[in-house]
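Colleague: Build the 3D model from these lines:
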Amino acid sequence: MQPSKKGVLLVAACLAFPPFSFASEQSESKGFIEDSKWNAHVRSLYFSRDFKSSHYTGQSKRMAWGLGLSTIFESGFTEGTVGFGFDAWGLQGIRLDGGRGHANAAMDVTPVGDSGRAAHDWSQLGGAVKARISNTTIKYGNQFVNLPVLTTDSTRLLPESVTGTLITSKEIENLVIHAGHFTAISGAHSTGHDNSGYPNAYFVGMKRLDLIGGIYQFTDNFSSSLYYAWNEDIAKRAYGNLNYTYPIDKKQSVNFDFNIYHTDYDKKYVRRTSNGDIDKSINNTTWSLAGKYTYDAHSFILAYQQSQGGWYGHGFDYGSGYGTNDGGSTIWLANSYESDFNAKDEKSLQVSYELNGAGIGVPGLAFKSAYVYGWDADTAGYSGGKKGKERELFNQVSYTFQEGPTKDLSLRLRTSFYRATNKFSYGDNNEVRVYVDYPLDLMALIRKQ
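Modeller: Just a heads-up that it's a prediction; the model follows:
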């Protein structure tokens, strides 16, 4: 039986106030204004996908270039046994290029209407009220969430948000517990709080998503997490993680990261995404194991990922405005880049390299190159039942200025070269993203005056 909203909040409350809590965050509160944060962020994003064939997408190229402006105010908490506060934010998007002919809502950059025209500008306001007692915070309203069963995407021009209640408890040392109840999701290019941003999506909006879980830090080098989510009329999903780092010496270490999702899809969701051909619930288990060897500035990664179960190419589904409407970044698996290598019964292997510029005397520089190969994907819905293969070469280089008037300004170039057999995805393409990000701590500037 699916737990109710009250049940989730009751469990969270029981876990949140044990008799052996440690130092209290609320008792150390400096006040509503003194602990306040006010930040602004300016982002320029150029995003293009050059398709080798327009047969499967209807476009030979999709492209968008925009400017995103955001400001977020987070108040402190009032002093006392129970502290109160609020958060408020505003988003403004401006299209610089990528109008009719190149625009597409699937890129999550600019709002696109039924006519195929991209909006010139759009905006959104949001806010939440919050309260804290001891080391437990409850927040209600429009918020950004970063949990393995609900992750609002921040990789596009503007971030996604969800509306609902989230409890975060740190009453037990080394343990963080989350419980939440959400009723709406706003996509990365939406103008409302219950609008994914897709004009013709086969599912738009979130009915109800309840979640509970937590992460426990056993030692400095070993942690584990477990989460569960109930997404009404869509799916029930469990997630687990084990992460361990073995330090060889001051320069060398080995890390192992295991992630697993088990999803029971509701038959309503399966029927909708199979055009009525399947009228039953279906489950999927997808897991990944990554090993990472680090020597000074250099890291080498080997990862294996496997999906088991699904229908018509669907294996591990997620997304906003399409898929399961649980956030555009709700996939905490090793082999997720442009492709997620998450089709029904698909297996994939990754080899990658990372460079930390600080280790070679260039702090602020970072580089990553990854090659992922996937095989045995059940692509029945796309290619008459043939097993599909796909591969991707991913490269990303970024630099963050460390001092001077441009301190914290970052430049990032990301490319992916994607190829697939049987055309079970949206086709072979070359993807390019160029980010320019400039964060500003407005509160720090005010306090300097």
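Colleague: ok, the residue nearest to residue 94 when sequence neighbours are not counted - how many residues close by?
Modeller: Leaving aside its sequence neighbours, residue 94 sits nearest to residue 67 (CB to CB, 6 or more residues apart in numbering; 4.5 Å). Any C-beta I mention is one placed from the backbone N, CA and C, and that applies to glycine too. Number of residues near residue 67 (other CB atoms under 10 Å) recorded here: 16.
Colleague: ok now do residue 67, which residues does it touch?
Modeller: 42-44, 93-94, 96, 157 (CB atoms under 8 Å, 6 or more residues apart in numbering).
Colleague: helix/strand/coil for it?
Modeller: strand (DSSP: H, G, I helix; E, B strand; the rest coil).
Colleague: picking up where we left off before, using pLDDT, spot the least trustworthy of the contacts of residue 67.
Modeller: Among the contacts of residue 67, residue 96 carries the weakest pLDDT, at 88.
Colleague: thought it was touching residue 65?
Modeller: Yes - between residue 96 and residue 65 there is a contact under CB atoms under 8 Å: 4.5 Å.
Colleague: ok, back up a step: and the furthest pair within the contacts of residue 67?
Modeller: Greatest spacing in those, by CB to CB: 42 and 96 (13.0 Å).
Colleague: More neighbours: residue 96 and residue 65, which one.
Modeller: Neighbours were counted for residue 96 and for residue 65 using other CB under 10 Å; residue 65 has more, 19 against 13.
Colleague: distance of that one from residue 93?
Modeller: 11 Å (CB to CB, to the nearest Å).
Colleague: Just the buried ones out of the contacts of residue 67, please.
Modeller: Neighbour-count burial (16 or more other CB atoms under 10 Å) is assigned, among those, to 43-44, 93-94, 157.
Colleague: quick check, nearest of the residues you listed to residue 250?
Modeller: residue 43 (36.5 Å).
Colleague: nearest spatial neighbour of the closest one, skipping sequence neighbours?
Modeller: residue 68 (4.3 Å).
Colleague: Quick check: bridge partners of the one you found?
Modeller: The partner list for residue 68 in beta bridges (DSSP bridges) reads residue 43, residue 93.
Colleague: So that it lines up with my notes, have the first residue be 54 from now on.
Modeller: I'll keep to 54 as the first residue from here, and by that count the last item is residue 121.
Colleague: That one touches residue 211, doesn't it?
Modeller: Yes - using CB under 8 Å, residue 121 is in contact with residue 211, at 4.7 Å.
Colleague: Find the residues that touch each one of these two.
Modeller: With CB under 8 Å, 6+ apart, residue 121 and residue 211 have common neighbours 96, 144, 146.
Colleague: Including distance to residue 415, could those go into JSON lines?
Modeller: Putting the shared contacts of residue 121 and residue 211 into JSON lines (distance: CB to CB, whole Å) gives the following:
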{"residue": "96", "distance to residue 415": "23"}
{"residue": "144", "distance to residue 415": "33"}
{"residue": "146", "distance to residue 415": "33"}
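Colleague: count of residues packed around the residue nearest to residue 80 when sequence neighbours are not counted?
Modeller: The spatial neighbour of residue 80 that comes closest, neighbours along the chain excluded (CB to CB, 6+ apart), is residue 187 at 7.9 Å. Residue 187: 19 surrounding residues under other CB under 10 Å.
Colleague: How much space separates residue 187 from residue 227?
Modeller: Taking CB to CB, one finds residue 187 at 16 Å from residue 227.
Colleague: What ranges does the stretch 254-403 of the chain have for its strands?
Modeller: Using DSSP state E, counting those that start in this stretch, the strands found in the stretch 254-403 of the chain span residues 262-272, 275-284, 288-300, 305-318, 335-348, 351-361, 400-409.
Colleague: buried set for the fifth one?
Modeller: By neighbour count with 16+ other CB under 10 Å, strand 335-348 contains the buried residues 335, 337-343, 345, 347.
Colleague: Enumerate every residue touching the spatially most central residue of the chain.
Modeller: Nearest to the geometric centre of the chain sits residue 382, at 2.4 Å (CA atoms, centre = their mean). Residue 382 makes contact with 204-208, according to CB under 8 Å, 6+ apart.
Colleague: top of those residues by neighbour count?
Modeller: Top of these by neighbour count (other CB under 10 Å): residue 205, with 23 neighbours.
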